[in-house]
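**Student:** Here is my input, please return the structure:
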Amino acid sequence: MINNLKTSDLIRLSRNSTLAGMLALLALCFLWEAWLAPLRPGSLLWVKAIPLLLPLPGVLFGRRYTYQWLSMFILLWFIEGVMRGWSDSGTLRYLALIEVALTVWVFSFAVLYSRLTRAPA
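**Tutor:** Just a heads-up that it's a prediction; the model follows:
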């Protein structure tokens, strides 16, 4: 099926998938620390979601440079998800594993977008 897609369709797919993954990760980080399973009552750890807003305009406008640095930037949430998935238990572990999955999703589609939109050699 992927062989039948045009490059423009793949670019649109990677762009939309990156955006969807970022929004899902933003929502997860906020809900996780504010409502689902906060570290402590009244914890302000939900602010870890705010830096995810930085690349949002560039992703929305399809700026290749933003996708390139996003692929490295998203690794901060990947590291946090791996560490909390390893050390926590119960609901916290599942939330961390979802965070890892979403970061891998965003990373993969950001790299795909960067590759598809590079200048011809």
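
**Student:** Nearest residue to Ser17 in space, ignoring adjacent ones along the chain?
**Tutor:** Phe109 (4.2 Å; Cβ to Cβ, 6 or more residues apart in numbering). Heads up, the C-betas are built off the backbone N, CA and C, glycines and all.

**Student:** now the one you found, what's its secondary structure?
**Tutor:** The three-state label given to Phe109 by DSSP: H, G, I helix; E, B strand; the rest coil is helix.

**Student:** What residues does it make contact with?
**Tutor:** The contact partners of Phe109, taken as Cβ atoms under 8 Å, 6 or more residues apart in numbering, are Leu13, Ser14, Arg15, Ser17, Thr18, Gly21.

**Student:** check which helix or strand covers the third one.
**Tutor:** Taking DSSP states H and E as the definition, Arg15 sits inside helix 7-31.

**Student:** Send me the following helix or strand past that helix as PDB with only the CA atoms.
**Tutor:** Using DSSP H and E, the helix or strand that follows helix 7-31 towards the C-terminus is helix 56-60. Extracted in PDB, the C-alpha atoms of helix 56-60 (Å, rounded to 0.1, in the frame of the first residue of the first chain):
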ATOM      1  CA  LEU A  56       4.000  23.400  17.500                       C
ATOM      2  CA  PRO A  57       4.000  26.400  15.200                       C
ATOM      3  CA  GLY A  58       6.800  25.000  13.000                       C
ATOM      4  CA  VAL A  59       5.000  21.600  12.800                       C
ATOM      5  CA  LEU A  60       1.800  23.300  11.800                       C
END
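
**Student:** Mean confidence (pLDDT) on helix 56-60, please.
**Tutor:** For helix 56-60, mean pLDDT is 97.

**Student:** Output the contacting helices and strands for the helix or strand that that helix is followed by.
**Tutor:** Following helix 56-60 in sequence order, the next helix or strand is helix 64-73 (DSSP H and E). The helices and strands touching helix 64-73, judged by 3 or more Cβ pairs under 8 Å, 6 or more residues apart in numbering; DSSP states H and E, are helix 7-31, helix 56-60, helix 91-116.

**Student:** what's the most buried one of the ones you listed?
**Tutor:** Comparing the helices and strands packed on helix 64-73 by mean neighbour count (mean count of other Cβ atoms under 10 Å), helix 91-116 ranks first with a mean of 19.
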